[in-house]
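In: Fold the following for me, if possible:
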Amino acid sequence: MTNIFVKSEFAPLKRVVMAQSEFAFPATGNPTDDEFLTEETLALYAGVDTLGKNFKEVFPERQQQWELERANFKKVLEKYGVEVQVPRLLTDYEKELGQEDGYSNFFVRDPFFTIGHFLIEGSLRFPHRRNEILPVRNILAQEANDNQCFYVSIPKPDIADGLDSEAGPFLEGGDVLVLDKTIFIGNSGLASNKNGVQWLRNLASHFDFTVVEVPLHPTILHLDCALSLVRDGLMIVCEDAFLEGIPEQLKDWDKIHVSLEDASRLATNGLPINEEVYITDKEFTWIGEQLVQRGVTVEYIDFNISRSFGGSFRCSTQPLLQTNA
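Out: Model (predicted):
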């Protein structure tokens, strides 16, 4: 069997790419996605000379804590037999190229995603994130060669009207949730857009997938910031984030509810290892307690620094092999 296949969000996780911890502030001002940072983080940055500097240079202790979070995360994954791959670090040239707008190599969920036997390079809306695929591309190329799987890329965004053009197509992995042959794609107007959804629908329909567009509240960056499929029939969800209600395919599922405020703190961005084990931040023990009541084993990891950048456990990973087979 191929080593590239994702059946669902909660099928046993066997192989995964886990993110690095690299970030630099733009030389020209705040990053365009600073609205997704916590108030605590923005307060930390206030009055500090960050322009054009690497996070590690400005906040060395927080950098060490950030790297420790990821190391602890890796240990838990490996405890359950998950093979972990890590993208390379950015080169000096890549850092220099991204100095004006800032650069990042910290959330591997968005630059690519896996659906069935497909490895798909996404298309990121924020211009300063569009090169995030580069540190992981060697892994994708090697995996595609070794496994002879489908490896495709969505078209490069249209910039006829400038870098901020809404044409896209945009499609980000944080918006993509897999449930067997049904693919849910979030669209809040902040990341993936209709052109991206339609591109995937055109591709996936030839392989018996159904693509469901999910309109989201305009403060929600990605679908995985509002929904986590824990196991078949159980989810963690922020119902207020769904402009047209929870998708029909999920309406009858058992629900652990979170508020919009908790969603903004990444309460739904945990990671199922399988249907019996779930990883979340110790900040959300109240979610963990409800999972335990439903027979799920919960692994807690302090992910405060990672969350301060606007992402958590799911954002920090992208599966290569997640299947019951």
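
In: Dead centre of this structure: give me the residue that sits there.
Out: Taking C-alpha atoms, centre = their mean, the centroid of the chain lies closest to residue 315, which sits 2.8 Å from it.

In: Residue ranges in the protein under the pLDDT threshold?
Out: Across the chain, the ranges flagged by pLDDT under 70 are 1, 29-38.

In: Contacts for the lengthiest helix in it, please.
Out: Across the chain, the longest stretch assigned as helix under DSSP state H is helix 60-79. Residues from elsewhere that reach helix 60-79, judged by C-beta atoms under 8 Å, 6 or more residues apart in numbering: 13, 16, 18-21, 55-56, 84, 273, 279, 299, 301-306, 313, 316. For every residue, glycine as well, the C-beta is placed using N, CA and C.

In: Which element is encountered next along the chain beyond the helix or strand that contains residue 288?
Out: Using DSSP states H and E, the secondary-structure element containing residue 288 is helix 285-293. Downstream of helix 285-293, the next assigned helix or strand under DSSP H and E is strand 297-301.

In: So the residue nearest to the centre of the chain is in contact with residue 111, correct?
Out: No - between residue 315 and residue 111 there is no contact under C-beta atoms under 8 Å: 11.2 Å.

In: quick revisit: for the helix holding residue 288, list the C-alpha coordinates in PDB.
Out: Extracted in PDB, the C-alpha atoms of helix 285-293 (Å, rounded to 0.1, in the frame of the first residue of the first chain):
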ATOM      1  CA  THR A 285      -8.900  21.200  30.100                       C
ATOM      2  CA  TRP A 286     -12.600  21.900  30.100                       C
ATOM      3  CA  ILE A 287     -12.800  20.500  26.600                       C
ATOM      4  CA  GLY A 288     -10.500  17.600  27.600                       C
ATOM      5  CA  GLU A 289     -12.800  16.700  30.500                       C
ATOM      6  CA  GLN A 290     -15.800  16.400  28.100                       C
ATOM      7  CA  LEU A 291     -13.700  14.200  25.800                       C
ATOM      8  CA  VAL A 292     -12.700  11.900  28.700                       C
ATOM      9  CA  GLN A 293     -16.400  11.600  29.600                       C
END
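
In: List the buried residues in that helix.
Out: Residues of helix 285-293 classed as buried: 287, 288, 290, 291 (neighbour count, 16 or more other C-beta atoms under 10 Å).

In: So which of those residues is the closest to residue 153?
Out: residue 287 (35.3 Å; C-beta to C-beta).
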